[in-house]
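Colleague: missing the sequence, but the structure's below:
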């Protein structure tokens, strides 16, 4: 219920209002009968008015649209009418009760949660206040005197509530006796409701990188919880985005909002995404996994009556193999099988600087190759993508391609020459991946030095620049040390040769990747 704060004579003031507000004001019902009086006097010698307002707008008697999931400050104004012949000595502020027998809008009595009841103007004392009743005593509000104002805060629910307050008053200073009740002749704002729920879910422990089929936790490539490692967890909080809610009903669920599975949209999925019940406002996901690799995933958590979380940040990857690293020590992988039983393998290492290191398979799109249509893809070979956290002092990568696959593509009499390797790199600036933006511009010289190939996919001997593509990477054919390019400017193949692994003949290409590039590629 909404109306102007009452003037000192007990009647509404005649201040001007904008015309656009008039329909809303006309719909407000004004209580003309005593609210909460046990036995109103037969004559008009003890009359008072009441206004309940949000403290932010104390002159507007309206509590019909309180923000949900919040601690809201209210201001109660009591005015003793000019026509009264007695002072108003005491009053109770009684909130409505829900079907569960609990107050719809509990009065806050915990200083840690919000403002406590206090007298803003006038004098008085408080009785035995409870979450359902505020007791005002020793008020001594004389007829026609300035209004008494009391502020207090209430806790609003996330799921909505409504109810009407009662404010009975007596002449007695201690709310005692019969026959000394005051008659409530006008009121506003006593019907309260939750207009909008601002309760929300926040990430308590967001997801981080994980290996396929391993539990996803908040720590990269660490599936076992303990210490600072936690299951992916969300928390229900109030409108301030911080105050936890003691919520023990309802469920939260996760859903992917970004990322790409290496096997494509049709086959990729997460498991363990079933809804989980809140326990004291917290919902954990101990079975969250994915049996499929992919990159740049984000998740969002949602629950009925709560605003969903933002997308998890930073994005995370699901890898064929990944491990946490000690930044002060070396970290490496050896003999990672990228694709089929024997098509491609990978070794990768860093001397220091990383918090994690991981690898994934990478497959080229044969119809739209980022290194151009001249590039000859080795049939049956699987490329690779490496991920790392931190600023590495450079990476060493050895990529092995099945000799059988090479022979099937180039012929058996190709010898042990160097083969074109197509690579895409993000620029890393101060440890942050920074995608390029000058897409498909062959005149752009900001890309790293790359080899040029002719229409048959053979080296021309010329050096060009890697080209920025729509994925934000600079793509080009990796040069070798024989090309005399500066190894600090981009990836470079430093050696190559043949090796038999698990009885399979491979051609291996060892590449150095400088600290400011993040690398994926393959034949």
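Modeller: Ah, there it is. All figures in this text were calculated on a predicted structure; none of them were measured in a lab.
Colleague: C-alpha from now on. contacts and neighbour counts both.
Modeller: Fine.
Colleague: hang on, isn't residue 403 packed against residue 501?
Modeller: No: contact criterion CA atoms under 8 Å: residue 403 and residue 501 do not qualify, at 11.3 Å.
Colleague: any low-confidence regions in the stretch 201-350 of the chain?
Modeller: 265 (pLDDT under 70).
Colleague: now the strands: where do they sit in it?
Modeller: Ranges of strands within the stretch 201-350 of the chain are 210-211, 232-237, 251-261, 276-277, 282-285, 294-302, 316-319, 321-324, 331-337, 344-350, based on DSSP state E, counting those that start in this stretch.
Colleague: Include distance to residue 194 and mean neighbour count when you put these into a markdown table, please.
Modeller: Formatted as a markdown table, the strands of the stretch 201-350 of the chain follow (distance: least, CA to CA, whole Å; neighbours: other CA atoms under 10 Å):
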| stretch | distance to residue 194 | mean neighbour count |
| --- | --- | --- |
| strand 210-211 | 42 | 28 |
| strand 232-237 | 16 | 25 |
| strand 251-261 | 22 | 18 |
| strand 276-277 | 24 | 18 |
| strand 282-285 | 23 | 24 |
| strand 294-302 | 21 | 21 |
| strand 316-319 | 38 | 27 |
| strand 321-324 | 47 | 20 |
| strand 331-337 | 55 | 18 |
| strand 344-350 | 56 | 23 |
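Colleague: which one of those strands lies closest to residue 145?
Modeller: strand 232-237 (42.9 Å; CA to CA).
Colleague: what number of residues lie near residue 280?
Modeller: 14 (other CA atoms under 10 Å).
Colleague: check contacts around it.
Modeller: Each residue near residue 280 by CA atoms under 8 Å, 6 or more residues apart in numbering is listed here: 245, 246, 247, 248.
Colleague: any idea how far the nearest residue to the second one once chain neighbours are set aside lies from residue 97?
Modeller: Leaving aside its chain neighbours, residue 246 sits nearest to residue 280 (4.4 Å; criterion: CA to CA, 6 or more residues apart in numbering). Residue 280 sits 23 Å away from residue 97 when distances are taken as CA to CA, to the nearest Å.
Colleague: now residue 430
Modeller: 58 Å.
Colleague: about what we covered before: of residue 403 and residue 501, which one has the most company?
Modeller: More crowded of residue 403 and residue 501, by other CA under 10 Å: residue 403, with 22 against 13.
Colleague: Skip the chain neighbours and tell me the closest residue to the more buried one.
Modeller: Nearest residue to residue 403 in three dimensions, chain neighbours excluded: residue 506, at 4.9 Å (CA to CA, 6+ apart).
Colleague: Please report the distance of the one you found from residue 141.
Modeller: Taken as CA to CA, the span from residue 506 to residue 141 is 96 Å.
Colleague: For residue 262, give its distance to residue 196.
Modeller: Distance check for residue 262 against residue 196: by CA to CA, it reads 42 Å.
Colleague: So for those two, which sits in the more crowded spot?
Modeller: Remark: of residue 262 and residue 196, residue 262 carries more neighbours, 18 against 14, as counted by other CA under 10 Å.
Colleague: so where's the longest helix in the chain?
Modeller: helix 403-410 (DSSP state H).
Colleague: and residue 406, what does it touch?
Modeller: 378, 379.
Colleague: Dump the strands of the stretch 201-350 of the chain to TSV, plus distance to residue 370.
Modeller: As requested, the strands of the stretch 201-350 of the chain are exported to TSV (distance: least, CA to CA, whole Å):
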stretch	distance to residue 370
strand 210-211	27
strand 232-237	36
strand 251-261	18
strand 276-277	43
strand 282-285	38
strand 294-302	18
strand 316-319	22
strand 321-324	25
strand 331-337	24
strand 344-350	20
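Colleague: Out of the ones you listed, flag the one nearest residue 157.
Modeller: strand 232-237 (11.2 Å).
Colleague: so that closest one versus strand 294-302, what angle?
Modeller: 30 degrees (axes from the mean of the first three to the mean of the last three CA atoms, to 10 degrees).
Colleague: just to revisit the earlier point, residue 430 and residue 97 - which one has more neighbours?
Modeller: Each of residue 430 and residue 97 has its neighbours counted (other CA under 10 Å); residue 97 has more, 17 against 10.
Colleague: Quick check: beta-bridge partners of that one?
Modeller: residue 103 (DSSP bridges).
Colleague: Residue 197 versus that one, what's the distance?
Modeller: For residue 97 relative to residue 197 (CA to CA), the value is 20 Å.
Colleague: hang on, the earlier thing: which residues sit in contact with the residue nearest to residue 403?
Modeller: Contacts of residue 506 (CA under 8 Å, 6+ apart): 400, 401, 402, 403, 498, 499, 500.
Colleague: Give me the buried subset of those.
Modeller: Buried members of those, scored by 16 or more other CA atoms under 10 Å, are 400, 401, 402, 403, 499.
Colleague: Just give me the neighbour total for residue 481.
Modeller: Residue 481, neighbours per other CA under 10 Å, totals 14.
Colleague: The nearest residue to it once chain neighbours are set aside: which element?
Modeller: Excluding the flanking residues, the one nearest residue 481 by CA to CA, 6+ apart is residue 494, at 5.4 Å. Secondary structure assigned from DSSP states H and E places residue 494 in strand 492-501.
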